[in-house]
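**Q** Need a 3D model of the following:
(one chain, ligands or ions: 1)
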Amino acid sequence: MKLSITKINSFLDCPRKYWYMYDLKMGTPKSEGFFFGSAIHEGLENFYNGKNPMEGVRQALFSKKKSIKEEAKEGVDPYKLYKEARRIFDIYKKKAPKYKPLLVEYRFEVELIHPKTQKQLPATLVGKIDLITDKAEVIDHKTASGSSSSFFEDKNTFQASGYVYAYWKIFGKMPAGFIFNTIIKGNSKHEPRIEQNFVNIGLEHLCVFFNKCEDVLGKITREETRDYPNTSHCRFCSFKDICPKKI
Ligand code: SF4
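**A** Residues are numbered from 1 along each chain as shown. Predicted coordinates:
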């Protein structure tokens with residue numbers, strides 16, 4: 001099996017949500033926030049590849065979509081989002097940290113082996129690192145409407161641990177650092193801004209990451225998904241309109 005951080009996070013949100021997404025392969029259109037975040041992501045990929053970021057944004061917002069998962073929910077206005085993205089990239093070009101890219105959107109597939117005991121799981125970890133700098137920093141881009149809150153701290157640490165684990169497996173050493181490069185959207189009163197959030201990840205975090213992968217993999221293998229709803233996630237869930245377990 002191939003695990004990814006998104007896949008594991010979906011399971012941790014709600015095992016039944018995982019079942020909809022990965023067993024039934026059901027997709028839902030993106031919320032405005034996610035649709036916009038994906039467009040900014042495409043822009044950043046272009047930016048760090050020395051290309052025009054707004055061309056990446058344009059492609060993401062206006063090109064024909066291959067599946068419903070790539071589409072935006074009804075009512076999302078791509079022209080409004082394009083303007084917002086232009087405002088962001090005008091500022092980003094002047095104020096963004098000057099990372100020198102070594103690798104951009106680096107795809108990986110690594111074995112899942114416990115960093116201390118060497119126990120191996122019958123699965124690999126797959127994913128994409130947004131940016132690896134010439135100083136061996138691992139960068140993950142995020143788009144947010146405000147400064148990061150402690151509400152997402154566990155999720156962020158888990159995500160950072162996964163990318164650091166992948167780096168460690170690929171390069172045989174820990175990266176120099178892990179940074180969430182967070183673009184705060186701004187509004188009519190405030191300009192967009194960029195925040196660098198450093199996350200300290202050590203070997204212990206990689207062990208915790210491995211243990212969580214092992215736990216989730218075991219539950220998926222035992223099919224503890226469809227009938228194991230986590231209703232505390234319902235109000236955030238994109239399947240809430242069709243799920244009979246929703247509370
Ligand atoms: S609506 Fe609730 S129970 Fe149903 S899949 Fe979503 S989070 Fe799980």
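**Q** Please list the residues of this protein that sit near the ligand.
**A** 14, 16-17, 229-231, 233-234, 237, 239-240, 243, 245-246 (CB under 6 Å from any ligand atom). Any C-beta I mention is one placed from the backbone N, CA and C, and that applies to glycine too.
**Q** filter these to the buried ones?
**A** By neighbour count, with 16 or more other CB atoms under 10 Å, the residues of the chain next to the ligand hold C14, R16, K17, P229, N230, H233, C234, C237, F239, C243, K246 as buried.
**Q** In helices, which of those appear?
**A** Mapping those onto helices (DSSP state H) picks out R16, K17.
**Q** I figured N197 hits I183, correct?
**A** No - shown here, N197 and I183 do not form a contact pair, counting by CB atoms under 8 Å, at 11.6 Å.
**Q** the more surrounded of these two?
**A** I183 (24 against 15; other CB atoms under 10 Å).
**Q** distance of the more buried one from F198?
**A** 16 Å (CB to CB, to the nearest Å).
**Q** tell me the SS of the closest residue to N49 other than its chain neighbours?
**A** Once flanking residues are discounted, N49 sits nearest to V104: 5.4 Å by CB to CB, 6 or more residues apart in numbering. Using DSSP: H, G, I helix; E, B strand; the rest coil, the structure places V104 in strand.
**Q** Tell me who's in contact with V104.
**A** E45, Y48, N49, D130, L131 (CB atoms under 8 Å, 6 or more residues apart in numbering).
**Q** one more time with 10 Å, if that's ok
**A** 44-50, 128-132, 139 (CB atoms under 10 Å, 6 or more residues apart in numbering).
**Q** Closest one of those to the ligand?
**A** K128 (25.6 Å; CB to the nearest ligand atom).
**Q** thinking again about what came up before, name the member of the contacts of V104 with the most neighbours.
**A** For the contacts of V104, counting by other CB under 10 Å, the largest number of neighbours falls to L44: 26 neighbours.
**Q** In terms of pLDDT, where does the closest residue to that one other than its chain neighbours sit?
**A** Among residues not flanking L44 along the chain, H141 sits closest, at 5.0 Å (CB to CB, 6+ apart). Confidence at H141, expressed as pLDDT, is 96.
**Q** separation between S38 and G146?
**A** From S38 across to G146, the span is 19 Å (CB to CB).
**Q** what does Y20 give?
**A** Using CB to CB, Y20 is found at 29 Å from G146.
**Q** who has more neighbours, the two?
**A** The neighbour count for Y20 versus G146, taken as other CB under 10 Å, is higher for Y20 (21 against 11).
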